[in-house]
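Colleague: next come a sequence and a model predicted from it.
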There are 2 protein chains.
Amino acid sequence: MSDFEITARNEVRRYAKRGKYDRATIDPILDEALVCHVGFALDGQPYVIPTIHARMDEQLLVHGLKGGRMLEHINAGNPVCVTVTLLDGLVMARTVFNHSMNYRSAVLFCRGATIEDPAQKLAALERLTEHVARGRWADARQPNEKELKATTIIALEIESASAKIRTGAPGDDGEDLEFPVWAGVIPLPVVPQAGERDPKQTADYPVPDYVADYRR
Amino acid sequence: MSDFEITARNEVRRYAKRGKYDRATIDPILDEALVCHVGFALDGQPYVIPTIHARMDEQLLVHGLKGGRMLEHINAGNPVCVTVTLLDGLVMARTVFNHSMNYRSAVLFCRGATIEDPAQKLAALERLTEHVARGRWADARQPNEKELKATTIIALEIESASAKIRTGAPGDDGEDLEFPVWAGVIPLPVVPQAGERDPKQTADYPVPDYVADYRR
């Protein structure tokens, strides 16, 4: 796996020191996030649609973006931008100016196409399912032919990408350090809660480990 | 405040019943979210950039998207799409096909411009600061002239918008209800943790209530 060249398209200009271009930084962000935001433009009108994704080696799979115009647009080879953001905390500085957030984000510039081959589609669905909860694919009732046909998955080649990461304490300096107010970081983790059983369950099936101990 | 007309641009086509077009649904999603994703297209190339936002009455403020080409593009009157997504839980169905997520998202179609007037910029910064933590503006050291000049805020008019919401249990039905596997929802709340004091603090300032009891 090669890292990404810095070009005009993926260069992090604002706070350039926060920019990263290596897959060792980008891939874990993609693998942790549960939602991505897919951007595309039709006749100059941008659209940003949230959906689920999964990385399959060097490709990115995105799911369920049904809709004639958009799929046609992507399948015609037009560019897509996929962005993933993990918010880690709020940075409460002494100065309004230095207020910030701790985050890890990745911006991917892609092109791709819908997966048509049923076997490939099944493999992609397995990857998407396992991305969300490892072990679920083997436990759940797998897709039948009708469901497979009703499912749309797009496989995207990542042509260019960057990550941007902020960590740590507020960036106040100089005499602002004496400003008399509490400063620090409020961590904002996503904390999975106990699974809420579907009231329509017909038997007391055991809670799988990947539900009981769910974490990213 | 009027609600949004359903047009080709904002219509929720996939799972149309999840689509909402009223401000009473859309505004609370904008007000709860800490991060938005701003989409725009330069010469057909889409970009999706995460940043912070705040609603100011019927406008949306977005912060810090410095960068010549993009600001020029927006200030020239080109369209922007801003999307906000709150992930509430993972829907673990009996069937792979019915796996889903519980979420609340809003997609806004906007046009706008950077705020140039210093008094308006200050008011917008206050709104952004208070959006993140109500009470912080009065406590923190407010922006000086140099900092104000170094800050970019865009005020966007929301021309069209929609929300999309999924709640509740898995959508399995028929004989799938008998499939022998645990099914239900894993709630995924963001749980603010105790504030981590900046190690550079020069005195033991009290933790403000909006930090100690932080919640959205």
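Modeller: Perfect, thanks for sending it.
Colleague: thought residue A:59 was touching residue A:158?
Modeller: Yes. Counting by Cβ atoms under 8 Å, residue A:59 sits close enough to residue A:158 to count as a contact (7.3 Å). C-beta here means a position set from N, CA and C on the backbone, and glycine is covered the same way.
Colleague: neighbour-wise, which of the two wins?
Modeller: More crowded of residue A:59 and residue A:158, by other Cβ atoms under 10 Å in any protein chain shown: residue A:158, with 20 against 16.
Colleague: distance of the more buried one from chain B?
Modeller: For residue A:158, the distance to chain B (Cβ to the nearest Cβ, to the nearest Å) stands at 14 Å.
Colleague: how about residue A:99?
Modeller: Distance, residue A:99 to chain B, by Cβ to the nearest Cβ: 6 Å.
Colleague: before we move on, which element is the closest residue to residue A:132 other than its chain neighbours in?
Modeller: Spatial nearest neighbour of residue A:132, excluding adjacent residues (Cβ to Cβ, 6 or more residues apart in numbering or on different chains): residue B:90 at 6.2 Å. Taking DSSP states H and E as the criterion, residue B:90 maps to strand B:80-92.
Colleague: still on that earlier bit, list the contacts of the residue nearest to residue A:132.
Modeller: For residue B:90, the residues meeting the contact criterion (Cβ atoms under 8 Å, 6 or more residues apart in numbering or on different chains) are A:34, A:132, A:133, A:214, B:101, B:102, B:185, B:186, B:188.
Colleague: could you give the number of residues near residue A:96?
Modeller: 22.
Colleague: pretty sure it is touching residue B:142, no?
Modeller: Yes. With contact taken as Cβ under 8 Å, residue A:96 and residue B:142 are classed as touching, separated by 5.6 Å.
Colleague: list of residues touching the one helix or strand in chain A whose mean pLDDT sits lowest?
Modeller: The least trusted helix or strand in chain A, going by mean pLDDT, DSSP states H and E, turns out to be helix A:68-75, with a mean of 85. Contact with helix A:68-75 is made by A:40, A:42, A:47, A:49, A:65, A:80, A:111, A:112, A:113, A:114, A:152, A:154, as judged by Cβ under 8 Å, 6+ apart.
Colleague: quick one, helices of chain A?
Modeller: Counting by DSSP state H, the segments of chain A that form helices are A:23-32, A:68-75, A:118-132, A:136-139, A:145-149, A:209-212.
Colleague: OK, contacts around residue A:207?
Modeller: The contact partners of residue A:207, by Cβ under 8 Å, 6+ apart, come to A:195, A:197, B:182.
Colleague: list the contacts for the second one?
Modeller: With contacts defined as Cβ under 8 Å, 6+ apart, the neighbours of residue A:197 are A:207, B:182, B:183, B:184.
Colleague: repeat that with 6 Å
Modeller: Listed by Cβ atoms under 6 Å, 6 or more residues apart in numbering or on different chains, the contact set of residue A:197 reads residue B:184.
Colleague: can you check the one 5 residues further on too?
Modeller: Taking Cβ under 6 Å, 6+ apart, we find residue A:202 in contact with residue B:178.
Colleague: again, only this time at 10 Å
Modeller: When contacts are counted by Cβ atoms under 10 Å, 6 or more residues apart in numbering or on different chains, residue A:202 touches B:177, B:178, B:179, B:180.
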